[in-house]
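could you look at this predicted model? Sequence included:
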Amino acid sequence: MLIDLQKFIIEERPYWNELESVLDSLEKRPELKLNLSRIERFHYLYQRTSGGLAKIQTFASEPNTRAFLESLVARAYGEIHETRKRPHRLAPLHWFFVTFPQTFRKHVRAFWICLAAMLVGSAFGGFVIFADPASKDVLLPFGHLHGDPSDRVAQEETVKADRLAGAKASFSSRLMTHNTKVAIFTLALGMTWGIGTLIMLFYNGVILGAVALDYVLAGETTFLLGWLLPHGAIEIPAIILAGQCGLVLAGALIGWGKPISLKMRFRKISADLVTLIFGVAVMLTWAGIVEALFSQYHEPVLPYELKIGFGVLELILLVLFFTRSGKRNGGSD
């Protein structure tokens, strides 16, 4: 078939340049994802350029054009048939608002088990305090919780000096460090086939239930909610998420009849564990800031209604975050 070579090159050059531009964009931005229409256009340009290369190979007078098209077709073929994973670029917002909640939902069964363990512990702790109020000296590890709740409330509400003046940052950092250590330890206890993780959650539930019922029986429910909700709405779910990590680790250790090696099971969950525990660390960082700047101040400095409202709002946003964030348009992960 005879063709007018110069006319052919002039007509086809815009398509070649368009394909080259798309390839340059894909190579400069490996994370770039094309929508369906752009993928179809890219494939059309690849096929058209391949056809042009086949035609121009019959002409010995255009070696530079032929070399250009060979390179272009090779690059396009590589992009279309690439099987390696794209290199990851740092995208903290995408990780937090998409990857983190998606990973949580992927292992949500482990979360429900951990929540149940903490609730059982809370019920047990509340029952012990109800049956034997004097047992809190043994049950509760913190000395400031051993006294009468009403006495503490009266003391807190009459304090005039700012006890954390000049020490908020250090107090907050201590809280973050301590709680993160607890979270990582709860995760690590998954190596006990999850038994240690569940015991840790049960124990934390016992303390929470005992403290809560002690203040409720003393008629200090409003103080309790104003004290615990602002930071507890984030901190307590974060510890449960750490337990979720532990059970995910335990599941990989046990295997549950999966026909793959232990090494492969650990490799399969490693990215999920890192995502979850880093998410827990972010949550505990926020909880530490709130506890230092907000939770430790009571009426008349901060109204209880404001503190309770803030904690409830946090809890609602947290539920929406884990149930809705990162879902695609179809409502699925």
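That came through, no problem.

ok, and the closest non-adjacent residue to residue 290?
residue 231 (4.5 Å; Cβ to Cβ, 6 or more residues apart in numbering). The way it works is simple: take the backbone N, C-alpha and C, and place the C-beta from them, glycine included.

hmm, residue 284 and the one you found touching each other?
No: when contacts are counted by Cβ atoms under 8 Å, residue 231 is not listed as touching residue 284 (9.6 Å).

all the helices of this structure, residue numbers only.
5-28, 36-56, 63-80, 92-94, 100-106, 108-131, 136-139, 149-158, 168-188, 195-217, 221-254, 262-290, 304-324 (DSSP state H).

tell me what angle the last one forms with helix 262-290.
Counting by axes from the mean of the first three to the mean of the last three Cα atoms, to 10 degrees, helix 304-324 points 160 degrees away from the direction of helix 262-290.

ditto for the second one
Angle of helix 36-56 versus helix 262-290, following the same axes, to 10 degrees, is 130 degrees.

tell me which other helices or strands helix 36-56 touches.
Packing partners of helix 36-56 (3 or more Cβ pairs under 8 Å, 6 or more residues apart in numbering; DSSP states H and E): helix 5-28, helix 63-80.

any weak-confidence spans in the stretch 51-200 of the chain?
For the stretch 51-200 of the chain, the stretches flagged by pLDDT under 70 are 60-61, 83-89, 161.

switch the cut-off to 90
Applying pLDDT under 90 to the stretch 51-200 of the chain flags the ranges 51-92, 133-172.

kindly report the same for the stretch 201-333 of the chain.
In the stretch 201-333 of the chain, residues with pLDDT under 90: 255-265, 267-268, 292-302, 326-333.

mind doing that once more with 80?
By pLDDT under 80, the weakly predicted segments of the stretch 201-333 of the chain are 256-259, 328-333.

hang on, the earlier thing: out of the helices of the chain, which is the most enclosed?
Burial of those is given as mean neighbour count (mean count of other Cβ atoms under 10 Å); helix 221-254 ranks first at a mean of 23.

mind giving me the packing neighbours of it?
Helix 221-254 makes packing contacts with helix 108-131, helix 149-158, helix 168-188, helix 195-217, helix 262-290, helix 304-324 when contacts are defined by 3+ Cβ pairs under 8 Å, 6+ apart.

who wins for proximity to residue 24 among those?
Nearest to residue 24 among the helices and strands packed on helix 221-254 is helix 262-290; the distance by Cβ to Cβ comes to 30.4 Å.

mind giving me the packing neighbours of the closest one?
Packed next to helix 262-290, using 3+ Cβ pairs under 8 Å, 6+ apart, are helix 100-106, helix 168-188, helix 221-254.

that older thread, export the helices and strands packed on helix 221-254 to TSV and append columns for distance to residue 138.
Putting these into TSV (distance: least, Cβ to Cβ, whole Å) gives the following:
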stretch	distance to residue 138
helix 108-131	9
helix 149-158	17
helix 168-188	21
helix 195-217	10
helix 262-290	27
helix 304-324	29
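
put the alpha carbons of stretch 35-53 into CSV.
Below are the C-alpha coordinates for stretch 35-53, written out as CSV (Å, rounded to 0.1, in the frame of the first residue of the first chain):
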residue,chain,number,x,y,z
ASN,A,35,-10.7,7.3,34.8
LEU,A,36,-12.4,5.0,32.3
SER,A,37,-12.7,7.6,29.5
ARG,A,38,-9.0,8.5,29.8
ILE,A,39,-8.0,4.8,29.8
GLU,A,40,-10.0,4.2,26.6
ARG,A,41,-8.4,7.2,25.0
PHE,A,42,-4.9,6.0,26.1
HIS,A,43,-5.6,2.6,24.6
TYR,A,44,-6.8,4.2,21.4
LEU,A,45,-3.7,6.3,21.1
TYR,A,46,-1.5,3.2,21.7
GLN,A,47,-3.2,1.2,19.0
ARG,A,48,-3.1,4.1,16.6
THR,A,49,0.6,4.8,17.2
SER,A,50,1.4,1.0,16.9
GLY,A,51,-0.4,1.0,13.5
GLY,A,52,1.5,4.1,12.4
LEU,A,53,4.8,2.4,13.4
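
which ones are touching the nearest residue to residue 211 once chain neighbours are set aside?
The shortest distance from residue 211 to any non-neighbouring residue, by Cβ to Cβ, 6+ apart, is to residue 145 (5.9 Å). By Cβ atoms under 8 Å, 6 or more residues apart in numbering, the contact list for residue 145 reads 136, 211, 214.

from residue 139, how far off is residue 145?
Residue 145 sits 9 Å away from residue 139, going by Cβ to Cβ, to the nearest Å.
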